[in-house]
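Peer 1: Only the shape, not the letters, is given here:
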């Protein structure tokens with residue numbers, strides 16, 4: 001049996017290695033793109049941007065290369081980083097609260113809610129830019145989450161893992177049908193919707209990053225605060241109540257946290273549910289089921305995977321690129337199958 005102090009040192013070392021990997025991917029994401037830029041040019045652009053008194057996105061660019069780095073690659077990298085972290089943590093929370101190892105944001109209707117209101121805003125209001133429909137997508141995710149929690153609580157007054165899954169499946173099916181009805185009757189809405197639903201961090205400027213950042217930061221803080229209670233819920237509702245946990249309030253707090261994280265990230269870059277599915281399983285192979293460690297590991301692994309997939313998408317299809325949602329499916333699906341075939345997955 002591993003000594004607790006040794007396990008703690010191993011986990012801390014793992015976090016440090018992930019931070020180093022994440023830093024390397026951030027640098028690569030800023031440096032690599034369709035247009036080749038010398039490392040010195042990238043460094044000068046970043047140094048000038050970070051030295052700007054008004055913030056890294058405020059000072060005017062001094063060259064075309066600096067404009068590419070600051071106005072395209074830097075916001076894209078920042079958005080990919082925080083969105084990947086948010087989706088990884090949201091996946092861990094969803095699997096923990098539903099006690100379902102195959103759960104993700106799509107299971108609770110969050111992606112379907114975001115897609116429905118995003119498509120509705122494109123159809124009714126003619127929105128085409130991400131900063132226009134992002135708030136509708138976020139609101140749709142929040143409303144869907146509230147409906148799922150409310151429906152699952154009807155009857156006994158308790159939102160159990162099974163009732164959450166069943167309510168989420170029903171809400172998802174209904175909203176997907178409504179979304180399909182909207183995009184099939186309007187070609188303009190369909191064109192914009194296709195760009196969003198495939199999942200991409202390209203074409204988003206700094207405004208999108210700043211709009212979702214507060215929600216994701218608050219959600220991350222709430223996720224860390226929810227970890228001890230989630231550990232107790234994993235023992236079963238009856239045991240948790242016996243230990244003094246208000247099960248209903250704890251699940252409601254968790255749902256709000258999931259909506260902030262998954263809703264904000266999905267609104268910004270589109271539904272990339274696969275990330276929330278696979279990241280917690282990777283993290284559990286290192287941390288075990290303890291959510292106090294699982295949540296920070298899921299954040300770092302999620303950010304790293306999304307950045308790596310975005311970088312790979314720029315490299316394999318030069319001079320064009322493949323969207324990050326496509327790359328995650330191509331890279332992640334075989335990896336997840338290999339992970340499952342090991343038959344050593346840690347239980348939720």
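Peer 2: Yes, it's here. All values reported here derive from a predicted model rather than from experimental measurement. Numbering: from 1, shown residues only.
Peer 1: okay, CA-based contacts and neighbour counts for the rest of this
Peer 2: OK.
Peer 1: residues touching residue 300, list them.
Peer 2: 15, 18, 19, 22, 85 (CA atoms under 8 Å, 6 or more residues apart in numbering).
Peer 1: Most neighbours among those residues, which one is it?
Peer 2: residue 85 (30 neighbours; other CA atoms under 10 Å).
Peer 1: Tell me how many other residues surround the closest residue to it other than its chain neighbours.
Peer 2: Computed as CA to CA, 6 or more residues apart in numbering, the closest residue to residue 85 that is not its neighbour in sequence is residue 299, at 4.0 Å. A total of 27 residues lie near residue 299 under the criterion other CA under 10 Å.
Peer 1: what's the answer for residue 94, then?
Peer 2: 27.
Peer 1: Repeat that for residue 65.
Peer 2: So residue 65, with other CA under 10 Å, has 18 neighbours.
Peer 1: Now do it against residue 265, distance only.
Peer 2: Using CA to CA, to the nearest Å, residue 65 is found at 28 Å from residue 265.
Peer 1: mind listing what's buried in stretch 121-141?
Peer 2: 121-123, 127-128, 130-141 (16 or more other CA atoms under 10 Å).
Peer 1: ah, wrong one, I meant stretch 141-157
Peer 2: 141-153.
Peer 1: Helices - which of those land there?
Peer 2: 141, 142, 143, 144, 145, 146, 147, 148, 149, 150, 151, 152 (DSSP state H).
Peer 1: Can you add pLDDT and give these back as CSV?
Peer 2: CSV is the format used below for those (pLDDT from 0 to 100):
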residue, pLDDT
141, 91
142, 91
143, 93
144, 91
145, 87
146, 88
147, 90
148, 87
149, 83
150, 82
151, 83
152, 78
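Peer 1: I'd like to know which of these is nearest to residue 319.
Peer 2: Of all those, residue 141 has the smallest distance to residue 319: 34.7 Å, by CA to CA.
Peer 1: Let me know whether that closest one touches residue 110 as I believe.
Peer 2: Yes - judged on CA atoms under 8 Å, residue 141 makes contact with residue 110 at a distance of 4.5 Å.
Peer 1: residues shared between the contacts of the two?
Peer 2: 259, 263.
Peer 1: what's the distance between the helix or strand harbouring residue 310 and the middle of its chain?
Peer 2: Following DSSP states H and E, one finds residue 310 within helix 291-316. Mean-position distance between helix 291-316 and its chain equals 9 Å (CA atoms, centre = their mean, to the nearest Å).
Peer 1: So for it, what gets flagged as buried?
Peer 2: 291-315.
Peer 1: for stretch 219-229, same thing?
Peer 2: 219, 220, 222, 223, 224, 226, 227, 229.
Peer 1: Quick one: mean pLDDT for stretch 195-214?
Peer 2: The pLDDT scores in stretch 195-214 average 87.
Peer 1: List the residues that contact the closest residue to residue 183 other than its chain neighbours.
Peer 2: Leaving out its chain neighbours, the residue that sits closest to residue 183 by CA to CA, 6+ apart is residue 190, at 4.7 Å. When contacts are counted by CA under 8 Å, 6+ apart, residue 190 touches 119, 183, 184.
Peer 1: Compute the distance between residue 190 and residue 154, please.
Peer 2: Applying CA to CA to residue 190 and residue 154 gives a distance of 36 Å.
Peer 1: Next: residue 170.
Peer 2: Counting by CA to CA, the gap from residue 170 to residue 154 is 14 Å.
Peer 1: How about residue 318?
Peer 2: For residue 318, the distance to residue 154 - CA to CA - is 53 Å.
Peer 1: ok, now residue 189?
Peer 2: For residue 189 relative to residue 154 (CA to CA), the value is 36 Å.
Peer 1: do residue 148 as well
Peer 2: 10 Å.
Peer 1: correct me, but residue 144 touches residue 107?
Peer 2: No - Residue 144 is not in contact with residue 107 according to CA under 8 Å; the separation is 11.1 Å.
Peer 1: if we can go back for a sec, tabulate the buried residues of stretch 141-157 (TSV), appending distance to residue 77.
Peer 2: Below are those laid out as TSV (distance: CA to CA, whole Å):
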residue	distance to residue 77
141	24
142	26
143	29
144	29
145	28
146	31
147	33
148	33
149	34
150	37
151	38
152	38
153	40
